[in-house]
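Novice: Take this sequence and fold it.
(chains A and B)
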There are 2 protein chains.
Amino acid sequence: MAKTALCSDDSFSSYSFFIEALDLFSSSLPSIEKSPVECACKWVLRHQHKLKQAARSCSLKVKEALGLEDRHFDQVETDSEVTFRYRDLETQLTEPDRLRSKPEVSDLGFGKFFTDHMLKIYYHSQLGGWQRPMLVPFENISLHPAAKVLHYAIELFEGLKAYRGVDEKIRIFRPELNMRRMNKSAVTAGLPTFDGHELIKCLNRLVQVDQEWVPHGEGSSLYLRPSLIGIDGTLGVVQSDSALLYTILCPVGNYFKNNSSISLLADPAFIRSWPGGCGDQKMGSNYGPTIRVQRIANGKGRHQVLWLYGPDHQLTEAGTMNIFLFHIDENGEKVLATPPLNGLILPGIIRQSIIEMCAEWKEFRVEERVITMNDVIKLKNTDRLLEVFGSGTACIISPVSAIEYQDAVIDIPTTEHSYPVYKKIKENLEAIQYGHIKHPWAQPIE
Amino acid sequence: MAKTALCSDDSFSSYSFFIEALDLFSSSLPSIEKSPVECACKWVLRHQHKLKQAARSCSLKVKEALGLEDRHFDQVETDSEVTFRYRDLETQLTEPDRLRSKPEVSDLGFGKFFTDHMLKIYYHSQLGGWQRPMLVPFENISLHPAAKVLHYAIELFEGLKAYRGVDEKIRIFRPELNMRRMNKSAVTAGLPTFDGHELIKCLNRLVQVDQEWVPHGEGSSLYLRPSLIGIDGTLGVVQSDSALLYTILCPVGNYFKNNSSISLLADPAFIRSWPGGCGDQKMGSNYGPTIRVQRIANGKGRHQVLWLYGPDHQLTEAGTMNIFLFHIDENGEKVLATPPLNGLILPGIIRQSIIEMCAEWKEFRVEERVITMNDVIKLKNTDRLLEVFGSGTACIISPVSAIEYQDAVIDIPTTEHSYPVYKKIKENLEAIQYGHIKHPWAQPIE
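Specialist: Numbers count the residues shown, from 1 in each chain, chains lettered A, B, ... in the order given. The predicted model follows:
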């Protein structure tokens, strides 16, 4: 329920909401002397009706500025009236003689093999909304040829991974963050939202049923791909009244064919994302237009595109990854920097995890700041650029060895240090993912 | 064959290519005294290998600047090795007892009803490319759940219309322009191109088979929706090696529910298209992100969004339409203005037809120029703004009566004149479409 979600103070985002609420209503607040979280918690509970009223009457822009828009999604996530329920899950198992044989871990690659089952949940507004979740044998999807997903890209997805730990337990990495992002994308795409906890329970069950598919051996994992598509069989660019949320699973190895470092093409002629657009949502429409640019990069012998933005050629993303720079600042201090979430950048879950983890280490400064190509060149020319790497659920961490920019190549010594930071981050994330250390980010599937 | 296409001088585009070729190679050319077209024709034929070599060695950017990129598409269109052929069409008709009943013209609306048959053409690079075209009963499409169209919006479409004329002949409006645009979108999306003439023949056959579905009565028509989708059943943001080109048909009435004028919301916070993107291609990815903005416009009682761009709030498109302003300039002369094709705007076929038709009338000046919201306000305040209207294949012409901008409403007297220009344009287009006058733009289906 919304009440509980608002009251719990176990997550940073709840806390930041209270702080915003405090600012918003500071004029009517009694003076705070002790524990602001506790006090705010009580106050919000007592004044919730006022908050809701205020939120409703705020203009969309004000709401966005205050982050109340986000709150709405969280409330939707936990609102019992507009979601499917795990308890309603219908399961139809594949007949034993139709189970597929499992590939060798060395053959896995990324996204080529699929498991024996999938999850399907239909939404039809005319039938009261979400239907029962169904766990069924892996099968083709049958769509009306006018289905909105096929014409207007009314579609979004998520990617998360399940890992087989050293203790043979299977763990999923921070799925609640995927659920929050998925519901945000759904609102933007005009598709129905749902209770993320219910989908996590359904996903856990799906992984459990196909648990033999979670590969053995570190470096490999089971990739979960929840998708939400608009399936109304009518033409015309309007909201889809019917939708299908489905999830398929792939056992995966490394995203990039060989696990060595990659090189990037940075060409300011190609823009992935722009203010006033949807580049910070995980919607299909952010990917189709990148195919041609990816091909141009490949044609020049580069693995991925380094997406730039603006007249000062700001770094935004690398291929489908967030980007990090590890460098020495003008005072001789080490800094890990990544572009800020300014609406142009996908809020990656590995990105967030790296920021949180490195901030805890306190070994170097962690900065979310605008980074331009000039900054990169200046750092390189003064021998202060140590490492560049990409991060994402598919690749986890991918070291970058070169950036081609304006007909010159900037070589980066990322992999040339004895124990580079990207390696330490990767090892620490893997230690959590594969259960070497107990950590709340990796939740075992019971 | 490419040779023939390069040699024929029956189209403006071939001619303009020769001119470009002349410019490109002017240094090595003999002096031209007579008919430049003929001379260039011969010269190009003789030096084709040099031209091809030069084109290959040009950087992508230079090719784009010279329009050689476009040439490539035209060549592909007529290259026999990379297309399906109408002569290979396999036809499987719907059983007579399964034919659907046809709706009343007054119930048609847009995109709600579909005919009895559809066209399907698969492409599999591993099977040698394009497969035989198939004309089959209207049916659902079965897709692998990892199909790229469902995750990464690797998809594009076209819209064109067939009209039942006063002589009962059925005519299609300028389909060759749709084919050219579709092949351009395909290149951008990394999907296979084809010979547009072959698809037109297949479409004509499809319309013929379902000809009873072409509605009687002006204002109504049969809408053709060719789509091209990436269907590779693998995850990962890369080119799709398999594709499906299919076409469905809908009898349609008016795109907007009632045929009166519409009002627009112009909010610079929302950007549809941007330099370095794909906003000038008819790709699905341009539509999904507009749903939320459309809902915001509807929430404010507006029919459509007027998409703005840049700090000076340039008008780009209205909903899914191109936009026109009819006004009086500072010298008291009448002008029809529309934003230029600067990469932010879909090159609409009705847009192009309006420009060409009005230029021939010579009743007022026709301008492709940047129009800002300040221009609109200035024209309005000096009583020189006569009409604003949108154009598109779905709606043909849609008069605009009001624009909401920065919390003020600009009323536009579009429909208040005795014989407004938008009406004259609409009537003239309809006279061509419904066969009142013979015109090369409307080609009868034999």
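
Novice: ok so A:Ser418 is a strand residue?
Specialist: No - going by DSSP: H, G, I helix; E, B strand; the rest coil, the assignment for A:Ser418 is coil, not a strand.

Novice: Can you give me the neighbour number for whichever residue of the stretch 301-446 of chain A sits closest to chain B?
Specialist: Closest contact between the stretch 301-446 of chain A and chain B, by CB to the nearest CB, is at A:Thr320 (5.6 Å). Glycine gets a C-beta too; all of them are placed from N, C-alpha and C. Residue crowding around A:Thr320 was assessed by other CB atoms under 10 Å in any protein chain shown; the count is 25.

Novice: Check A:Pro311 too.
Specialist: A:Pro311 is surrounded by 7 other residues when neighbours are defined as other CB under 10 Å.

Novice: isn't the residue of the stretch 301-446 of chain A closest to chain B right up against B:Val237?
Specialist: Yes - in this structure, A:Thr320 sits in contact with B:Val237. The criterion is CB atoms under 8 Å, and the distance is 5.6 Å.

Novice: who touches both of the two?
Specialist: Between them, A:Thr320 and B:Val237 share the neighbouring residues A:Tyr287, with contact defined by CB atoms under 8 Å, 6 or more residues apart in numbering or on different chains.

Novice: Alongside chain B, which residues does the stretch 301-446 of chain A contribute?
Specialist: With CB under 8 Å from any CB of the partner chain as the criterion, the stretch 301-446 of chain A meets chain B at residues A:Gly319, A:Thr320.

Novice: again, but for the stretch 51-200 of chain A
Specialist: Residues of the stretch 51-200 of chain A lying close to chain B (CB under 8 Å from any CB) are A:60-61, A:110-112, A:114, A:118, A:138-147, A:149-155, A:157, A:187-190.

Novice: hmm, 6 Å instead?
Specialist: Proximity of the stretch 51-200 of chain A to chain B is assessed by CB under 6 Å from any CB of the partner chain, with A:110-112, A:140-143, A:145, A:150-154, A:157, A:188-190 identified as the residues in range.

Novice: Give me the subset of those residues lying in strands.
Specialist: Secondary structure from DSSP state E places A:Ile141, A:Ser142, A:Leu143, A:Phe157 of these in strands.

Novice: Show the contacting residues for the first one.
Specialist: What it means is A:Ile141. Contacts for A:Ile141 were tallied using CB atoms under 6 Å, 6 or more residues apart in numbering or on different chains; they are B:Leu143, B:Pro145.

Novice: And the residue in the stretch 201-350 of chain A that chain B sits nearest to, what's its pLDDT?
Specialist: With distances taken as CB to the nearest CB, the stretch 201-350 of chain A approaches chain B most closely at A:Leu235, which sits 2.8 Å away. Model confidence at A:Leu235, expressed as pLDDT, equals 96.

Novice: Also the one 5 residues further on?
Specialist: Among the per-residue scores, A:Ser240 shows a pLDDT of 95.

Novice: can you check A:Glu446 too?
Specialist: At A:Glu446 the predicted local confidence, pLDDT, stands at 77.

Novice: Quick check on the residues of the stretch 51-200 of chain A next to chain B: which are buried?
Specialist: The neighbour-count test (16 or more other CB atoms under 10 Å in any protein chain shown) marks A:110-112, A:141, A:143, A:145, A:150-154, A:157, A:188-190 as buried among those.

Novice: ok, which pair from these is furthest apart?
Specialist: Farthest pair in these (CB to CB) is A:Lys112 and A:Gly190. Separation: 32.2 Å.

Novice: follow-up on the earlier one: which one of the ones in strands among the residues of the stretch 51-200 of chain A next to chain B is nearest B:Leu386?
Specialist: Out of those, the member with the shortest distance to B:Leu386 (by CB to CB) is A:Leu143, at 45.5 Å.

Novice: any idea how far the spatially closest residue to that closest one that is not a sequence neighbour is from A:Trp441?
Specialist: Distance criterion CB to CB, 6 or more residues apart in numbering or on different chains; nearest residue to A:Leu143, sequence neighbours excluded, is B:Ile141 at 5.2 Å. Separation of B:Ile141 from A:Trp441 (CB to CB, to the nearest Å): 40 Å.

Novice: Could you do A:Gly301 as well?
Specialist: Separation of A:Gly301 from A:Trp441 (CB to CB) stands at 37 Å.

Novice: more crowded one of the two?
Specialist: Of the pair A:Gly301 and A:Trp441, A:Trp441 is the one with more neighbours under other CB under 10 Å, namely 17 against 10.

Novice: give me the low-pLDDT residue ranges for the stretch 301-446 of chain A?
Specialist: Counting by pLDDT under 70, the stretch 301-446 of chain A shows no low-confidence range.

Novice: And the helices in it, which stretches?
Specialist: A:349-361, A:373-381, A:421-433 (DSSP state H, counting those that start in this stretch).

Novice: and what of the stretch 151-300 of chain A?
Specialist: Chain-ordered helices for the stretch 151-300 of chain A, with DSSP H, counting those that start in this stretch as the definition, fall at A:175-189, A:196-209, A:291-299.

Novice: hey, C-alpha coordinates of the longest one in PDB?
Specialist: It refers to helix A:175-189. As requested, C-alpha coordinates have been extracted for helix A:175-189 and formatted as PDB (Å, rounded to 0.1, in the frame of the first residue of the first chain):
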ATOM      1  CA  PRO A 175      15.500  -6.200  -9.400                       C
ATOM      2  CA  GLU A 176      13.500  -3.500  -7.600                       C
ATOM      3  CA  LEU A 177      15.400  -0.900  -9.500                       C
ATOM      4  CA  ASN A 178      14.500  -2.500 -12.800                       C
ATOM      5  CA  MET A 179      10.800  -2.500 -11.700                       C
ATOM      6  CA  ARG A 180      10.900   1.200 -10.800                       C
ATOM      7  CA  ARG A 181      12.500   2.100 -14.100                       C
ATOM      8  CA  MET A 182      10.100  -0.200 -16.100                       C
ATOM      9  CA  ASN A 183       7.000   1.600 -14.500                       C
ATOM     10  CA  LYS A 184       8.500   5.000 -15.400                       C
ATOM     11  CA  SER A 185       9.000   3.900 -19.000                       C
ATOM     12  CA  ALA A 186       5.400   2.500 -19.000                       C
ATOM     13  CA  VAL A 187       4.000   5.900 -18.000                       C
ATOM     14  CA  THR A 188       6.000   7.600 -20.800                       C
ATOM     15  CA  ALA A 189       4.800   5.100 -23.400                       C
END
